[in-house]
Each structure stands twice: as structure tokens, then as C-alpha cells.
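Asker: Sequence first, predicted model second:
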Amino acid sequence: MEMPGAKANLACVVGLILHLMMSAAFGVVHAVLLPAFDQSSTGAATGLGVLFGAVHGLLVPTAMPMILKTEHPLVKSGAMNDPGPFMPGMGKMTPIEMVMGHVVFDMAAGAVSTSLAG
């Protein structure tokens, strides 16, 4: 949704806030799912984090372009490039960065949640 008279930076701020909120939610989901897979050691939880992160990292760049095309005011107005499938329109390394970033996040979430659970 584009607000009349809003600056382009508002879309970036809203996107950052949404990303941080989703990161917190996925961290909680990850912590809830770990006991279902009986991951009691930090190493096992980190390994499962690699699997979760790979799946997460493949699903996000598949769904995100559809969301950006329909909802992001800068993409809709043409001020930002159309990301395309797997988002190469945001930079040639974006698909790899997205997968690796989600793998690292889920590895850390697995290690932290198992360490905190004791």
C-alpha cells in the first residue's frame, strides 16, 4: 500500500521492520520444531538448521518476487527493478546470498535454542 506523499525510504523502513518481525517469528518456529526432531545436541541442532535454512532459503526467493510485484510501491511504480524468479533482478548474487543467509540464520537459531534449552 502506497501512502500519498510518502518518501521512497518509507518502503525500505517498512520492509526492514517486516523482515525483523518475520526473523523473530521464524526463530521461535525453529525452536519449537527442534524437539519434534529430538535434536538435543548443539551439533545436531545446527545440522538440522542447515536443512531448515536450505528449505527456507529456497522458498523465500520463490515467493518473494510475487509479493514484491503486487505489493511493493517502488516495484509497482518502476522505481525499483522487477526482481524476477529467484530475484536476480536485485543483483546477480542475490539468489545465492538469500540461500546462504537463511542457512546461516537457521544454523544460529538451532545452536542458540539448543544451548538455551540446556
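Answerer: Nice, I can see it.

Asker: Low-confidence ranges, the chain, go.
Answerer: Along the chain, the parts satisfying pLDDT under 70 run over 1-8, 39, 118.

Asker: Would you mind listing the buried residues in the longest helix seen in it?
Answerer: In terms of residue count, the longest helix belonging to the chain (DSSP state H) is helix 42-71. Buried residues in helix 42-71, defined by neighbour count with 16 or more other C-beta atoms under 10 Å: 45-46, 48-49, 52-53, 56-57, 60-61, 64-65, 68. Heads up, the C-betas are built off the backbone N, CA and C, glycines and all.

Asker: Only the buried residues of the following helix or strand past that helix, if you could.
Answerer: Downstream of helix 42-71, the next assigned helix or strand under DSSP states H and E is helix 73-77. Judged by neighbour count (16+ other C-beta under 10 Å), helix 73-77 contains these buried residues: 73-75.
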